[in-house]
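Asks: 3D, please:
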Amino acid sequence: MKINKRFLTSAIIGTVVGGCVYSYPAILRWQVEKRLPGVQFDDVSMNTSGVTLSGVKLDKGWISGELNTVTSDFSGQHITIDGGSLHVNLNDKQNRDGIKQQKRDIQFKDLNVNVVYKEHVATLNGVKSEEDQICFTTAKLEKPELTASDGCFNKDKKTINLKTVSITKDMELMGVNLNDLVASNVSVNINEKTVTSDITKATLTFEKQTFSVEMNELVASQNPDVVRSASVKIKHPWLSNEWVIIEDVKAHRMKDAWSISAGLSDIQVNPEMLTFSGSEDCSTWIESLPASIKLGPLNKLRMAGKTSFSIGFRPKPSFNLKSDCRATCNTLPNLRTRFHYSAYTPHGVQFERESGIGSKDWLSIRSMGDMPLAAINMEDPGFEHHRGFIVQAFMNSFTENIKAGRFYRGGSTITMQLAKNLWLSRDKTLGRKVQEFFLSQAIESCYSKDEILELYLNIVEFGPNQYGIASGTKYWFKKGVGELNPVESFWMASILPRPNKAGHPTDVALQRIESLMKRFAADGKIPDFTLDIVDDEVEVDDFQVGKSEEN
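Replies: Predicted coordinates:
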């Protein structure tokens, strides 16, 4: 039988080609499993440039997951992954250092990746490769609980750049609860162990008080432990009614404590005892004050001496303060001539008032009768002996404010109230208290006690729009200061903490003042002005004597 050679050749080629076409998936599966142990797939296709696997299941021990499609060239060196999810345990990979790993060019997009490294667990979505970077759309870290968006990891530079980072669970730092933290344009350098951020915002909860904080140009490094910020903005009604901006802030860990500097001044923080302390020249403290606090005379004030303080919260509140600030008097406004200061109408409208020697209604201390004695005993019993402030009064106010959870007592002296009335706002804040602290020492440096008391009684408010003792006595008693009897003088001094809330001096009110004066006389604080002072006992605390609850 004669066989057609052409037919036979065609049949053989057809059989071989058909067999190859029919069996190439099995061959490819064998090749993939040989080259990539732990890899399985549902389907395969091939073209002139390589092979595409679909429904890929991967289990390499430290890395596992399911991938939508994987495309590879025939050499297996260039691989593209499109879609799917992976679980990566870098702790297991570190234990495989002795195994030689084949390097491959792997590109990917639209992956969800779960990564475990030491005690940290991170979940990344929308993962893709971009040149020498690995990027993602969102990420969540479990320890600490953070979320991030639009991040990229540079494999060569070992850096991570993130558009935003926020905490999802409250954290504690140095005894302070950290809430609602959000940072923008964050950069992490793994090799240098540093983190930078353009803007970082958070709320801090401390002793039941919540502070809003914003840090600009934040830089944090782990070795050494240092945190820097070009400026820190803090908002809390205890500090100020507006944002307080502190420039050039640095926090540095020193063993079990931190040193926090602002400008040229340093404050030491003990997290365990929650203690804040510092000791600097008076001029250094003033120079380091935020611009919103360093107002008026403080801008030009020059002082010698030193101020040291310590404030503690555990196991119970504590307060210590030492200061011997002395002013260069020509850097303080001249109060021995006419001057202007801000006063307020009963509706809180601010206006300018003239006072000083030679001004209308100005009275010298010699023509004020018993008012100076009354003001000292009712407002500031330690006036003759302090240098503008009383440490114990500060301590009492600090403790009571902490217990009450609000700032309502300031421990002011007459000198501090003079400074407030002359140059400061009426806001009851710690910022104003710092202003009073330095300004009162400046006043005490440059003026005598009689001058200070004379100034105070001529400018302080004695009733609705009644500024100065001359105006006050006419309003309440329809007479001049020199015509007041001792009881009327002490009644006038008794209304100074809250003059606009005082009622008219009834017989009952004046009798209560007489009873109080009898107590003062018995203690040797004042002369026994009368022989017929009533016998009814009145508690001194009823009049807030010396407590300086400010008006």
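Asks: what about the helices in this structure?
Replies: For the chain, applying DSSP state H gives helices covering 5-35, 90-94, 282-288, 371-379, 391-404, 414-423, 430-446, 449-459, 469-477, 486-494, 507-522.
Asks: can you tell me the distance between the two ends of stretch 440-454?
Replies: In stretch 440-454, first residue to last residue: 15 Å (Cα to Cα, to the nearest Å).
Asks: ok, residues contacting that stretch?
Replies: Residues from elsewhere that reach stretch 440-454, judged by Cβ atoms under 8 Å, 6 or more residues apart in numbering: 282, 297, 301, 303, 323, 325-327, 329, 332, 335-336, 363-365, 368, 372, 375-376, 383-384, 387-389, 413-416, 418-419, 455. C-betas here are computed from N, CA, C, even on glycine.
Asks: what's the average pLDDT for it?
Replies: For stretch 440-454, the mean per-residue pLDDT is 97.
Asks: Are any of the contacts of stretch 440-454 buried, and if so which?
Replies: 282, 297, 301, 303, 323, 325-327, 332, 335, 363, 365, 368, 372, 375-376, 383, 387-389, 413-416, 418-419, 455 (16 or more other Cβ atoms under 10 Å).
Asks: Any regions of the protein where pLDDT drops low?
Replies: Across the chain, the ranges flagged by pLDDT under 70 are 1-38, 93-102, 173-175, 404-410, 530-551.
Asks: From the structure, what's the count of residues near the nearest residue to Asp198 once chain neighbours are set aside?
Replies: Nearest residue to Asp198, sequence neighbours excluded (Cβ to Cβ, 6 or more residues apart in numbering): Asn185, at 4.0 Å. By the criterion of other Cβ atoms under 10 Å, Asn185 has 13 neighbours.
Asks: how close does Asn185 sit to Asp150?
Replies: Using Cβ to Cβ, to the nearest Å, we find Asn185 at a distance of 10 Å from Asp150.
Asks: Find residues that contact each of those two.
Replies: Contact with both Asn185 and Asp150 is made by residues 162-163, according to Cβ under 8 Å, 6+ apart.
Asks: What number of neighbouring residues does His504 come out with?
Replies: His504 has 8 nearby residues by other Cβ under 10 Å.
Asks: correct me, but it touches Tyr475?
Replies: No - the pair His504 and Tyr475 fails to qualify as a contact (Cβ atoms under 8 Å) at a distance of 10.0 Å.
Asks: Could you measure from Ala230 over to Asn216?
Replies: Ala230 is 5 Å from Asn216, by Cβ to Cβ.
Asks: ugh, wrong one, Arg104
Replies: 43 Å.
Asks: In terms of packing, which of the two has more residues around it?
Replies: Neighbour comparison, Arg104 and Asn216: the larger count goes to Asn216, with 16 against 12 (by other Cβ under 10 Å).
Asks: The more buried one bridge partners, please.
Replies: On the basis of DSSP bridges, Asn216 is bridged to Ile199, Ser231.
Asks: what do you get for Ser308?
Replies: Ser308 has these beta-bridge partners by DSSP bridges: Ser279, Lys322.
Asks: Near it, how many other residues are there?
Replies: Ser308 - counted by other Cβ under 10 Å - has 13 other residues nearby.
Asks: these two touch, right, it and Ser279?
Replies: Yes - using Cβ under 8 Å, Ser308 is in contact with Ser279, at 3.9 Å.
Asks: so which of the helices of the chain gets nearest Arg253?
Replies: For Arg253, the closest of these is helix 282-288, at 20.8 Å, according to Cβ to Cβ.
Asks: buried sites along that closest one?
Replies: Residues 282-286, 288 are the ones in helix 282-288 that count as buried (16+ other Cβ under 10 Å).
Asks: Out of these, flag the one nearest to Ser259.
Replies: Comparing the buried residues of helix 282-288 against Ser259 with Cβ to Cβ places Ser288 closest, at 13.9 Å.
Asks: Would you check how far apart the closest one and Glu280 are?
Replies: 8 Å.
Asks: Same check on Val70?
Replies: According to Cβ to Cβ, Val70 stands 65 Å off from Glu280.
Asks: Please identify which of the two sits among more neighbours.
Replies: Neighbours per residue (other Cβ under 10 Å) separate Val70 from Glu280, with Val70 holding more: 25 against 18.
Asks: residues contacting the more buried one?
Replies: With contact set as Cβ under 8 Å, 6+ apart, Val70 has these partners: 41, 52-53, 56, 79-82.
Asks: Using CSV, write out the CA atom coordinates for stretch 360-371.
Replies: C-alpha atoms of stretch 360-371 as CSV (Å, rounded to 0.1, in the frame of the first residue of the first chain):
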residue,chain,number,x,y,z
LYS,A,360,-9.5,114.4,88.1
ASP,A,361,-10.6,112.7,91.3
TRP,A,362,-7.1,111.6,92.2
LEU,A,363,-6.5,111.4,96.0
SER,A,364,-3.3,111.0,97.8
ILE,A,365,-3.1,108.2,100.4
ARG,A,366,-2.9,110.8,103.2
SER,A,367,-6.4,112.0,102.4
MET,A,368,-8.0,108.5,102.2
GLY,A,369,-8.7,108.2,105.9
ASP,A,370,-9.1,104.6,107.0
MET,A,371,-9.4,103.2,103.5
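Asks: How far away from the center of its chain is it?
Replies: Here stretch 360-371 is found 46 Å from its chain centre; the criterion is Cα atoms, centre = their mean, to the nearest Å.
Asks: and if you look at stretch 506-523?
Replies: Stretch 506-523 sits 47 Å away from the centroid of its parent chain (Cα atoms, centre = their mean).
Asks: Stretch 498-506: end-to-end distance?
Replies: Stretch 498-506 has an end-to-end distance of 17 Å (Cα to Cα).
Asks: Ile526 versus Arg228, what's the distance?
Replies: In this view, Arg228 and Ile526 are 57 Å apart by Cβ to Cβ.
Asks: and what of Trp491?
Replies: 14 Å.
Asks: Give me the neighbour count for Asp523.
Replies: Neighbour tally, Asp523, other Cβ under 10 Å: 10.
Asks: what about it, distance to Pro381?
Replies: 10 Å.
Asks: Ok, Lys518 next?
Replies: Noted for Lys518: a distance of 16 Å to Pro381, by Cβ to Cβ.
Asks: Can you add distance to Val115 and neighbour count and give the contacts of Val70 back as CSV?
Replies: Below are the contacts of Val70 laid out as CSV (distance: Cβ to Cβ, whole Å; neighbours: other Cβ atoms under 10 Å):
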residue, distance to Val115, neighbour count
Phe41, 24, 21
Thr52, 27, 18
Leu53, 24, 24
Val56, 19, 22
Ile79, 20, 17
Thr80, 21, 17
Ile81, 16, 24
Asp82, 20, 17
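Asks: Return the subset of the residues you listed lying in strands.
Replies: 52-53, 56, 79-82 (DSSP state E).
Asks: Relative to Asn320, how far out is the residue nearest to Gly50 when sequence neighbours are not counted?
Replies: Distances taken as Cβ to Cβ, 6+ apart place Asp73 nearest to Gly50, at 4.2 Å, with adjacent residues excluded. Shown here: Asp73 relative to Asn320, a distance of 75 Å by Cβ to Cβ.
Asks: neighbour-wise, which of Lys518 and Pro381 wins?
Replies: Lys518 (20 against 14).
Asks: Now distance to Ala202 too, for the buried residues of helix 282-288, in CSV please.
Replies: CSV is the format used below for those (distance: Cβ to Cβ, whole Å):
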residue, distance to Ala202
Cys282, 32
Ser283, 32
Thr284, 28
Trp285, 26
Ile286, 29
Ser288, 23
